[in-house]
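J.: Got a sequence here, can you build the structure:
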Amino acid sequence: MAVNRHGVERIVSGGQTGVDRGALDAAIALGIPHGGWCPRGRGAEDGVIADKYQLQEHASRDYAERTRQNVIDSDGTLILYRERLQGGTLLTHRFAQQLNKPLLRMRLDRPVHYDRIALWLQTRSIRVLNIAGPRGSSHSGIAMLAFEVICKLFQSSEALPFSAEEK
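T.: Okay, here's the model as predicted:
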């Protein structure tokens, strides 16, 4: 199936396990340029982030600093999560609000409407898309779920059920 980027030219993320890696893996699989900021030393909860992820090291080892920089450098942020925002995912949400950046929250424990995400990407003219969400240790299977959602989003123009909270 052909890739429909919905205007997105690049996907960025912080490289943490979970949603970040799922999004980056989807970008790689789809041939969509990817990148973003990771902490100095390329640290993540599972060790050093692999070089296959084309991430820039931030001057700081603090996850919050790379999170903020990814929000700043993107045109909008898509947060993929289950149940409620917490930890770094909540911090990403707060940075997007503080910086007045387009933000779409999508719960992955409910049906997904890919057409609404695509419409948000197009109407907000999102070229550089930051994708964020919980780390793998706190949400089992969320990396694969994020991978599947991003792959379906960019491979499909079909209207499917969806639940999102949009800014």
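
J.: longest helix of the protein?
T.: Across the chain, the longest stretch assigned as helix under DSSP state H is helix 142-155.

J.: Now do it: distance to the chain's middle.
T.: Helix 142-155 sits 10 Å away from the centroid of its parent chain (C-alpha atoms, centre = their mean, to the nearest Å).

J.: That one: which residues count as buried?
T.: 142, 143, 145, 146, 147, 149, 150, 151, 152, 153, 154, 155 (16 or more other C-beta atoms under 10 Å). Bear in mind the C-beta positions are built from the backbone N, C-alpha and C, glycine included.

J.: Among those residues, show me the least confident.
T.: Ranked by pLDDT, the buried residues of helix 142-155 bottom out at residue 155 (85).

J.: quick one: that one and residue 4 touch, right?
T.: Yes: contact criterion C-beta atoms under 8 Å: residue 155 and residue 4 qualify, at 7.1 Å.

J.: could I get stretch 61-74 in CSV with only the CA atoms?
T.: Provided in CSV are the C-alpha atoms of stretch 61-74 (Å, rounded to 0.1, in the frame of the first residue of the first chain):
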residue,chain,number,x,y,z
ARG,A,61,21.1,14.4,30.2
ASP,A,62,17.7,15.5,31.6
TYR,A,63,14.8,13.9,29.7
ALA,A,64,12.7,17.0,30.3
GLU,A,65,15.1,19.1,28.2
ARG,A,66,15.0,16.9,25.2
THR,A,67,11.2,16.6,25.6
ARG,A,68,10.9,20.4,25.5
GLN,A,69,13.3,20.7,22.5
ASN,A,70,11.3,18.2,20.5
VAL,A,71,8.1,20.2,21.2
ILE,A,72,9.8,23.4,20.2
ASP,A,73,11.3,22.0,16.9
SER,A,74,8.1,20.4,15.7
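
J.: What are the contacting residues of it?
T.: With contact meaning C-beta atoms under 8 Å, 6 or more residues apart in numbering, stretch 61-74 is reached by 12-14, 16, 36-41, 43, 58-60, 77, 88, 91-92, 95-96, 99, 101, 126, 128-130, 132.

J.: quick one, what contacts the nearest residue to residue 133 once chain neighbours are set aside?
T.: Nearest in space to residue 133, with sequence neighbours left out and distances taken as C-beta to C-beta, 6 or more residues apart in numbering, is residue 19 at 2.8 Å. The contact partners of residue 19, by C-beta under 8 Å, 6+ apart, come to 13, 80, 81, 89, 131, 132, 133, 134, 135, 142, 143, 146.
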